[in-house]
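A.B. asks: sequence first, then the predicted structure:
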Amino acid sequence: MLRSNHPVIRSAGRAMATGLLILAAACTQPVEEERLPEPRLEGVLLDMQLSEVSGLAASRQHEGIVWLHDDGDNPARLFAVNTSGRRVATFGIDGVTKTDWEDIAAFELEGRHYLLLADTGDNGGLRRTLQLHVIEEPGSLTNARLTPAWSLAFRWPDGARDCEAVAVDAERGEILLVSKKREPPELFTLPLRPGSQRLLTARPAGLLAGVPNPTPGPDGGQPSGRSRYDAQVTAASVSPDRLTLAVMTYRHLLLYSREPGANWTSAVESQPATSELPWLPQAEALGWSADGSALYATGEFIPAPLYRIPAQPAD
């Protein structure tokens, strides 16, 4: 997450109105790296309570609903939003301290639908422990209070790092975490259902291959302005069939394929299918559709587009 007072994005508000006017054109402009069919604009987030969205997961229980949450400096809450962008319900989360929520993952375990909330943001590299909270997906879309089914506390093995990308492979019993600012990005794992409440240590599991470099500056020089952050990872999501890990940076979508029976280390160390994201004010949130045919993507600030991005490579 880049804070709203960051000098790189102070002008974002002025650019949003112009950006939305060119959404249709942005969705149809060809990009050199594009290997996926064109994204579709599903809706627009206009509700000011959704102005700092940092995580997205498509509901496995309610058709046409995506779950969103915001990051630090906001209450511990979860939003149910339809794909046109309208907030349907708000759920407070009891029994947790919210520091900096940065991603959300939907998964099924033992016939129940769950959401994992990742309190893993650490812009300053100061946090010694981080938290993950698992809640059961509510059956009714009416404002209510929820309590985690279980929570995990963990630390990194070699010092603090920022992490905004967390995904779940329930069949393997793994939580996947991707670092944000390290080059190349690092993959770590944690057990989804640890046997005790002790402080866990994330296990290194590989380095992500094929993350595009930031756009060079004028005359091929060092990247400047916001392009310096293009390669930073801001979201991740495992497909419902568990064969693809989608990773979002501020500029690109990367799809890492896994052979059945293979681990995620071998997947992320192979070259991904890569496409440039459509226009977003700040790309922060990504999640697979429940049927695995596409991904939903949105960003911080209001207004923000909600895209549906087909997941099958173009011929």
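C.D. replies: On my side now, so go ahead.
A.B. asks: rest of the way, CA atoms for contacts and neighbours
C.D. replies: Noted.
A.B. asks: from residue 117, how far out is residue 68?
C.D. replies: As judged by CA to CA, to the nearest Å, residue 68 and residue 117 stand 10 Å apart.
A.B. asks: least trustworthy helix or strand in this protein by mean pLDDT?
C.D. replies: When the helices and strands of the chain are scored by mean pLDDT, DSSP states H and E, helix 23-28 comes last with a mean of 37.
A.B. asks: doesn't residue 54 belong to a helix?
C.D. replies: No - using DSSP: H, G, I helix; E, B strand; the rest coil, the assignment for residue 54 is strand, not a helix.
A.B. asks: who touches both of residue 68 and residue 117?
C.D. replies: Common contact partners of residue 68 and residue 117 (CA atoms under 8 Å, 6 or more residues apart in numbering): residue 104.
A.B. asks: and residue 77, what are its bridge partners?
C.D. replies: residue 92 (DSSP bridges).
A.B. asks: check residue 154 too.
C.D. replies: Counting by DSSP bridges, residue 154 is bridged to residue 130, residue 200.
A.B. asks: ramachandran coordinates for residue 244?
C.D. replies: phi -140, psi 130 (degrees, to the nearest 10).
A.B. asks: ok, it - contacts?
C.D. replies: Residue 244 neighbours (CA under 8 Å, 6+ apart): 238, 255, 256, 257, 258.
A.B. asks: surely the third one and residue 242 touch.
C.D. replies: Think residue 256. No - look at residue 256 against residue 242 with CA atoms under 8 Å: they stay out of range, at 10.8 Å.
A.B. asks: what stretches of the protein score poorly on pLDDT?
C.D. replies: Applying pLDDT under 70 to the chain flags the ranges 1-36, 224, 313-315.
A.B. asks: report the central residue of the chain.
C.D. replies: Centroid-nearest residue in the chain: residue 235, 2.6 Å away (criterion: CA atoms, centre = their mean).
A.B. asks: does that residue sit in a helix or strand, and which one?
C.D. replies: Residue 235 is part of strand 233-238 when elements are defined by DSSP states H and E.
A.B. asks: convert the C-alpha atoms of that strand to PDB, please.
C.D. replies: Extracted in PDB, the C-alpha atoms of strand 233-238 (Å, rounded to 0.1, in the frame of the first residue of the first chain):
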ATOM      1  CA  VAL A 233       3.400  -7.400  -5.400                       C
ATOM      2  CA  THR A 234       0.100  -6.200  -3.900                       C
ATOM      3  CA  ALA A 235      -2.200  -9.300  -4.100                       C
ATOM      4  CA  ALA A 236      -2.300 -13.100  -4.700                       C
ATOM      5  CA  SER A 237      -5.000 -15.700  -5.200                       C
ATOM      6  CA  VAL A 238      -5.100 -19.500  -5.800                       C
END
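A.B. asks: list the pairing partners of it within its sheet, with orientation.
C.D. replies: strand 244-249 (antiparallel).
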